[in-house]
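1. Sequence first, then the predicted structure:
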There are 2 protein chains.
Amino acid sequence: MTAINHNYLELQGSYLFSEIAKRRTKFTQENPNAEIISLGIGDVTRGLPEVVVKAMHEAVDELAQPGSFRGYGPEQGYDFLIQAIIENDYKARGVDIASNEVFLSDGSKCDVGNIQEIFSQDSIIAVQDPVYPVYVDTNVMAGRSGKYNAETKRYENIVYLECTAENNFKPSLPDRKVDLIYLCYPNNPTGMTLTKDELKVWVDYARENNCLILFDSAYEAFIQEEDVPHSIYEVEGAREVAIEFRSFSKTAGFTGVRCAYTVVPRELKGLDANGSSVLINDLWNRRHTTKFNGVSYVTQRGAAAIYSPEGKEQIASLVEYYMTNAAIIRDGLASIGLEVFGGVNAPYIWLKTPQGMDSWSFFDKLLSEANIVGTPGVGFGQSGQGYFRLTAFGSRENTEKAVERIRKLSL
Amino acid sequence: MTAINHNYLELQGSYLFSEIAKRRTKFTQENPNAEIISLGIGDVTRGLPEVVVKAMHEAVDELAQPGSFRGYGPEQGYDFLIQAIIENDYKARGVDIASNEVFLSDGSKCDVGNIQEIFSQDSIIAVQDPVYPVYVDTNVMAGRSGKYNAETKRYENIVYLECTAENNFKPSLPDRKVDLIYLCYPNNPTGMTLTKDELKVWVDYARENNCLILFDSAYEAFIQEEDVPHSIYEVEGAREVAIEFRSFSKTAGFTGVRCAYTVVPRELKGLDANGSSVLINDLWNRRHTTKFNGVSYVTQRGAAAIYSPEGKEQIASLVEYYMTNAAIIRDGLASIGLEVFGGVNAPYIWLKTPQGMDSWSFFDKLLSEANIVGTPGVGFGQSGQGYFRLTAFGSRENTEKAVERIRKLSL
């Protein structure tokens, strides 16, 4: 038999969503008439914006005829979409990004999962805790995690940056040397953000300590407050130390359509084995062109449509829909004395479970007494124990109904 | 600075297509009136089949409304497409494949590039020469290649299986122990195939020598002859030793739409560090669900449409169009005494350059004297020196015109 990549065996089971499904199934079998509302999964539910639908139809028609057919496109993405991104997502905020710094892909999950490949096997990575599991798992697969400690429920070589109510979900700087720092703002799962000054502390730290920030801003479109940066490049010096990941998934309803992008500034440098410097942008370009063959043309046309004036209006109204849901959840829960976080600049509401319940006990209570499915915070990491995530992606009707049910609980 | 994956520095420049573009540009600048015909790139040119266009329009409309909207789908692909694949691509040929053995993706380039991740860093890989460069480059990036030898133009740890006219493009078995064997049939770039008996030799070898075959059959739809297997699983015992890669790119014109799939049988086993066996299917499933988020729903609906009765007719007529081009090229070139290979079960024609010219000299001659762009065989590996690839993906008119021009050359 052929030898396998044994690092895979260090992966822990993807327990969270399967356990949720198991408990939900058991409950519905025992309570077939219960009308369950799910505010658990981070997936959108509204239809695609009209401009996107129109653009995708037109693109399909283009592909139908030899005269307008398009086959393989540039792996990095079509210029019409890259230019729209640069103009609207960056230049409009005073940030200059060059066209060879933008890499379109079929999803941020792929990009944040693949980015570690271009760095040394010995890199020490730091992640926030709670955390989106892909950052951790992809480094486990690459052999950077060390052993899993079943007691602490953490990997020995990964540096965990704790985010809890005690530090207002703003992690401390690493207490030892790290190479790659994954930061996600607005944060999944906590929904919390950093101000520009707070983010600058991280950029300065990375510049002084020769490390690199992998900045996941998949939720930037939900930012409502003035002082919250949409891009890490709004912070001075970030072009020297940060890669940024953006997605159309939540903004434009593209979770089933698949489009995202990654920005890799030409200032970013890495060190080769001889101590010479190498452009990280060149490495990522090589990775991207060798292992990826471009985003569907139809999808790219759909994505570009959101940057038209009507597109911007339609996106704004989608965001407003979900953020109104977020406010309904946030205010409703706060009104009965629950401690709630997030939901202001992000579609996620992170709540402290009442009376020190653990995350799974609260899950069971919510399911059995209110017929609501949410996500236990501990599923995102040890610092999520005693927390719980609700999402604003449901319909208005279900969101309001869910909040009414929670308000009636004795907590 | 953060240390990089230094294996990337062993990669050789992706010289082939940039050099082609450079020479073409120079020629057109010096000869602005030349009407250049490209038979160089392996990309389709006809429009999408009508059934695909219809299905994609319908899928876009589904996504437009909250009631029929679909967000994240299963990472492995929707069941409607997996079942259609199993029924039509396998069961119809007497091959049983289970639904958890099929993994949809956005392209075979991604799958053949990513598959090496689940195997040991120490794996010895064997590739055909000439070869699709992605097999080699992705193993270089993973650190399996050893150093590049500028004299032999080969990597020291990769086993090259030479395919030339001398062995009728049927490589000999490896002369030393290997772990992973990349085979591509119908072959890109040579257009040649193996019979079922010839392929069985490889399957038997893999079973006896504990290695695994990575079988790229992206061009199977072009097979015309009876005795050529469409799937490696038509060969007895292959489920124990082979992973198969298939694509909708050339079959259905999906080079710009992006859909492919990989079959990983549950019989396939690998060895972990303790000498226990592990299911390769489980490893790939974990890789796929961790680093990928599913193929666009619109694309999957389009792909499924080709399995309808009208879809099959439309695909057959597309294949016939390109294979008629192949016959025109093949017969035209043979009629003036050129030695031609392929083009019978594949859209690629591989020709021996006349009078022992090297590949690039023939490229220059064809460009300057016939204004035709093809692909120098040496770009695919050292065993491609003295060969040249033409593709059947052009329009009928251009294909006929190109052949006429070549017939008039003094060769």
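-> Happy to help now that I have it. Residues are numbered from 1 along each chain as shown, chains lettered A, B, ... in the order given.
2. For the rest of this, base every contact and every neighbour count on C-alpha atoms.
-> Noted.
3. Name the surrounding residues that touch the strand or helix carrying residue A:135.
-> Using DSSP states H and E, residue A:135 sits in helix A:133-141. Among residues not part of helix A:133-141, those counted as contacts by Cα atoms under 8 Å, 6 or more residues apart in numbering or on different chains are A:5, A:7-8, A:10-11, A:109, A:112-114, A:116, A:127, A:145-146, A:182, A:380, B:290-291.
4. partner strands of whichever helix or strand comes after it, parallel or antiparallel?
-> Next along the chain after helix A:133-141, taking DSSP H and E as the criterion, comes strand A:148-149. Strand pairing for strand A:148-149, determined by DSSP bridges: strand A:154-155 (antiparallel).
5. ok so, going back, can I get the buried part of the contacts of helix A:133-141 as one PyMOL selection?
-> The following PyMOL line selects those of those that are buried, judged by 16 or more other Cα atoms under 10 Å in any protein chain shown:
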select buried, (chain A and resi 5+7+8+10+11+109+112+113+114+116+127+145+182+380) or (chain B and resi 290+291)
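6. Can you give me the end-to-end span of stretch A:38-56?
-> Start-to-end span of stretch A:38-56 (Cα to Cα, to the nearest Å) is 30 Å.
7. correction: stretch A:295-311
-> Start-to-end span of stretch A:295-311 (Cα to Cα) is 20 Å.
8. Could you tell me which of the contacts of helix A:133-141 are located in helices?
-> A:109, A:112, A:113, A:114, B:290, B:291 (DSSP state H).
9. Contacts only, for residue A:300.
-> With Cα under 8 Å, 6+ apart, residue A:300 has these contacts: A:77, A:78, A:81, A:259.
10. that older thread, got the CA coordinates for the helix holding residue A:135 in PDB?
-> Taking C-alpha atoms only, helix A:133-141 is exported to PDB below (Å, rounded to 0.1, in the frame of the first residue of the first chain):
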ATOM      1  CA  PRO A 133     -12.100  25.600  11.900                       C
ATOM      2  CA  VAL A 134     -10.600  25.700   8.400                       C
ATOM      3  CA  TYR A 135      -7.600  27.800   9.500                       C
ATOM      4  CA  VAL A 136      -6.700  25.100  12.000                       C
ATOM      5  CA  ASP A 137      -7.500  22.000  10.000                       C
ATOM      6  CA  THR A 138      -5.600  23.000   6.900                       C
ATOM      7  CA  ASN A 139      -2.500  23.600   9.000                       C
ATOM      8  CA  VAL A 140      -3.000  20.200  10.800                       C
ATOM      9  CA  MET A 141      -3.100  18.600   7.300                       C
END
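11. For that helix, give the mean pLDDT please.
-> Average pLDDT, helix A:133-141: 97.
12. Same question for stretch A:217-225.
-> On average, stretch A:217-225 scores 97.
13. That one: which residues count as buried?
-> Across stretch A:217-225, burial judged by 16+ other Cα under 10 Å covers A:217, A:218, A:219, A:220, A:221, A:222, A:223.
14. so can I have TSV of those showing secondary structure and distance to residue A:299?
-> Listed next are the buried residues of stretch A:217-225 as TSV, based on DSSP: H, G, I helix; E, B strand; the rest coil; distance: Cα to Cα, whole Å:
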residue	secondary structure	distance to residue A:299
A:217	coil	20
A:218	coil	18
A:219	coil	19
A:220	helix	20
A:221	helix	19
A:222	helix	22
A:223	coil	25
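15. of those residues, closest to residue A:388?
-> The shortest gap between residue A:388 and any of the buried residues of stretch A:217-225 belongs to residue A:219, at 18.8 Å (Cα to Cα).
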